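In: Have a look at this prediction, sequence included:
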Number of protein chains: 2
Amino acid sequence: MTEATRDAPVQKPLRADAQRNRDKLVEVAAQAFATDGVDASLEEIARRAGVGIGTLYRHFPTREHLVEVVYRREVEGLCHAARELVQMHPADVALELWMQRFVDYIATKRGLATSLRILLTTNSTLFSDTSGRVSGAMRGLIEAAAASGKIRADIDASDVMHALGGIYSAPNTPDWRERSGRLVKLLMDGLRFGARG
Amino acid sequence: MTEATRDAPVQKPLRADAQRNRDKLVEVAAQAFATDGVDASLEEIARRAGVGIGTLYRHFPTREHLVEVVYRREVEGLCHAARELVQMHPADVALELWMQRFVDYIATKRGLATSLRILLTTNSTLFSDTSGRVSGAMRGLIEAAAASGKIRADIDASDVMHALGGIYSAPNTPDWRERSGRLVKLLMDGLRFGARG
DNA sequence: CACTAAAGCGGAGGTGCCTCCGTTTATTTA
DNA sequence: TAAATAAACGGAGGCACCTCCGCTTTAGTG
C-alpha cells in the first residue's frame, strides 16, 4: 500500500500525478542510496522511477534535498515499526526485533554520512528532530517491555541507547552487521536476566 | 650501490617538460580560482595552460590537490614579499605595503574557504604550517620597523594581528577591500604615532 | 649521434549534472 | 461534458568530470 506522504505542513496539495511521481522517486532513491551510496546517479533514479530528469529536479532541486527526504522517511519507518512491533509480539521480542532494525538504520545513516553532514550545517533542525523521534520510539518499547515484566525494570532507555553505542564503531568492516547483531542479542540477554516474568 | 634514497621524502625531480607544465598549471589555476572561485572549470584551466586535461589530472588527481598547491603558493608568495619589501623600503612602509597585500591574501583564502575546509579535515598540517609562516613573516616586519624607530616599540606582532582581525568580518560586501585598506592605513597611523624616529 | 626505456602527454569518449521550454495532463469552471 | 487554465512533465542540449591508452618526448647509455 502506498503511504500518504504529506510532509509539508503549509503547502497546497500536489496534483495527483505529481504526488505519485514524488513518492515513486523517494522510494527508488531510498533503494539507490542504500545500494550505491549517496553518489548514486540521479538520472538513473529518475529512469528507474519512470520519470524524466526534469521531474526529479523540480521536486528536489539538489541532491541534498532528496537525501534529506529519504532520511526522514527512514526515521519515520523506524518509528512506525516500533508501534507495529509492539502490537504483534511480546514486548521483549518487539524490542529485540526493533533493535535489529535499528542496526540497519545506523548502517544507512553511515552511508549517507557525508551528505548528512552537509545538511546539518544548513538545516540544523534535522538532527534534533530525528534523534528525538528515534529515542522516543525506543523509550516506548523499553517501557512496555519493563512494564510487562519481560525485561528488568532497573534500566531506562538512555542506558540501553548507551549500551548500543558499540554499533557505532568499526563502521565499514565487512562483518559489522553480524557483530552488531550479536551485540543486540547480548544486550537483550542482559535485559532479560532477572526479569520478573 | 646502497639504496640511500629509498624512502626519501622528496620525490625524484620531474622531467623538464613535466615541471614546466605543472608550474604553468598552478599559475593558471591561481588566476582562475581568484577570478571564478574554486569551482572554476578544470578543463578550462588545462586549456589555458596549454595542456591536455589528462595532464592536469596526472599532476593533481583531485580538485583539492590543486587548491592546496595554489594556496601554499599564495602563502609562499606572501612570505617572500615580506623579505623583499623590507629591503626595498623604509621599515614602516614595508610593513604597510605588506599588510595591504595581506588583505588580498585573506580575500583569496575566503574564496577558497569551502575547499580548504575539506582539505583541513584530510590534511591537518596545512593550517599550522601556513599560519605559522605568515605570522612569522609579519613578526619580522614589525620588529624591523620597531627597531628602526619608524613605529612605536610597545606593540608586538600578535597585537597587530589582533588589530587586523576586523578584516575577517563582513566577508563578501563589495566595498570590503576598500574598507580593509582604510583599516590598514588607520592601523599604521596608530603604529607610527609616538614613534622614536 | 643513435638508440631505448621510461616518463609524460592529450584528448576522445562515456557518464553525470542541471536548465530550459515546448508539450501533455489534471483540475476547475461553465 | 467540454473548454480553459494552471500545473507538471520530460528529454534534448550544453557543459563538466574523469579515465584510459596509444602516441610523443626526454634523459640516459654505448
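Out: Nice, thanks for sending it over. Numbering: from 1, shown residues only, chains lettered A, B, ... in the order given.
In: for chain A, what's the longest helix?
Out: Determined from DSSP state H, the single longest helix within chain A is helix A:63-88.
In: So which residues on chain A come close to DNA strand D?
Out: A:14-15, A:17-18, A:21-22, A:50-55, A:57-59 (CB under 7 Å from any atom of the strand). C-betas here are computed from N, CA, C, even on glycine.
In: The same query, at a cut-off of 10 Å, please.
Out: A:11-22, A:24-25, A:43, A:46-47, A:49-59 (CB under 10 Å from any atom of the strand).
In: Please state the offset of the lowest-mean-pLDDT helix or strand in chain A from the chain centre?
Out: In chain A, no helix or strand scores lower on mean pLDDT, DSSP states H and E than helix A:113-122, which sits at a mean of 72. The chain centre lies 16 Å from the centre of helix A:113-122; the measure is CA atoms, centre = their mean, to the nearest Å.
In: so how far is the next helix or strand after that helix from its chain's centroid?
Out: Remark: after helix A:113-122, the chain's next helix or strand is helix A:125-147, criterion DSSP states H and E. Taking CA atoms, centre = their mean, one finds helix A:125-147 lying 12 Å from the centre of the chain it belongs to.
In: what's helix A:125-147 packed up against?
Out: Here helix A:125-147 touches helix A:63-88, helix A:91-111, helix A:113-122, helix A:157-163, going by 3 or more CB pairs under 8 Å, 6 or more residues apart in numbering or on different chains; DSSP states H and E.
In: thinking again about what came up before, filter the residues of chain A next to DNA strand D down to the buried ones.
Out: A:21-22, A:24-25, A:46, A:49, A:51, A:55-56, A:59 (16 or more other CB atoms under 10 Å in any protein chain shown).
In: which two from those end up farthest apart in space?
Out: Spanning the widest gap among these are A:Arg22 and A:Ala46, at 12.0 Å by CB to CB.
In: Quick check: A:Phe127 touching A:Arg117?
Out: No - taking CB atoms under 8 Å as the definition, A:Phe127 is not a contact partner of A:Arg117, at 10.3 Å.
In: These two: who's more crowded?
Out: A:Phe127 (12 against 9; other CB atoms under 10 Å in any protein chain shown).
In: neighbours around A:Glu68, how many?
Out: With other CB under 10 Å as criterion, A:Glu68 counts 21.
In: same question, A:Thr173
Out: 10.
In: The one 4 residues further on now?
Out: The local packing of A:Arg177 (other CB under 10 Å) involves 15 other residues.
In: mind checking the SS state of A:Ile155?
Out: coil (DSSP: H, G, I helix; E, B strand; the rest coil).
In: for the spatially closest residue to A:Leu141 that is not a sequence neighbour, what are its contacts?
Out: Nearest non-adjacent residue to A:Leu141, counting by CB to CB, 6 or more residues apart in numbering or on different chains: A:Leu95, 4.6 Å away. Listed by CB atoms under 8 Å, 6 or more residues apart in numbering or on different chains, the contact partners of A:Leu95 are A:141-142, A:144-145, A:151, A:188, A:191.
In: and stretch A:45-61 with DNA strand C, contact?
Out: Yes - Stretch A:45-61 comes into contact with DNA strand C (CB under 10 Å from any atom of the strand), by way of A:45-47, A:52-58, A:60-61.
In: what about that stretch, how long is it end to end?
Out: Length of stretch A:45-61, first residue to last, CA to CA, to the nearest Å: 14 Å.
In: could the helices and strands packed on helix A:125-147 go into a markdown table alongside distance to DNA strand C?
Out: What follows is these, written out as a markdown table (distance: least, CB to the nearest atom of the strand, whole Å):
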| stretch | distance to DNA strand C |
| --- | --- |
| helix A:63-88 | 5 |
| helix A:91-111 | 16 |
| helix A:113-122 | 12 |
| helix A:157-163 | 35 |
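In: and among those, the most buried is which?
Out: helix A:91-111 (a mean of 19; mean count of other CB atoms under 10 Å in any protein chain shown).
In: Mind exporting the C-alpha coordinates of that one to PDB?
Out: Backbone C-alpha positions of helix A:91-111 (Å, rounded to 0.1, in the frame of the first residue of the first chain) are rendered in PDB as follows:
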ATOM      1  CA  ALA A  91       7.200  -6.800  24.500                       C
ATOM      2  CA  ASP A  92      10.700  -8.200  24.800                       C
ATOM      3  CA  VAL A  93      10.600  -9.700  21.300                       C
ATOM      4  CA  ALA A  94       9.300  -6.500  19.900                       C
ATOM      5  CA  LEU A  95      12.200  -4.700  21.500                       C
ATOM      6  CA  GLU A  96      14.800  -7.100  20.100                       C
ATOM      7  CA  LEU A  97      13.400  -7.000  16.600                       C
ATOM      8  CA  TRP A  98      13.300  -3.300  16.700                       C
ATOM      9  CA  MET A  99      16.900  -3.100  17.800                       C
ATOM     10  CA  GLN A 100      17.900  -5.300  14.900                       C
ATOM     11  CA  ARG A 101      16.200  -2.900  12.600                       C
ATOM     12  CA  PHE A 102      17.900   0.000  14.300                       C
ATOM     13  CA  VAL A 103      21.200  -1.600  13.200                       C
ATOM     14  CA  ASP A 104      20.100  -1.300   9.600                       C
ATOM     15  CA  TYR A 105      19.100   2.200  10.200                       C
ATOM     16  CA  ILE A 106      22.500   3.100  11.500                       C
ATOM     17  CA  ALA A 107      24.100   1.400   8.500                       C
ATOM     18  CA  THR A 108      22.000   3.600   6.200                       C
ATOM     19  CA  LYS A 109      22.800   6.700   8.200                       C
ATOM     20  CA  ARG A 110      26.500   6.000   7.900                       C
ATOM     21  CA  GLY A 111      26.100   5.600   4.200                       C
END
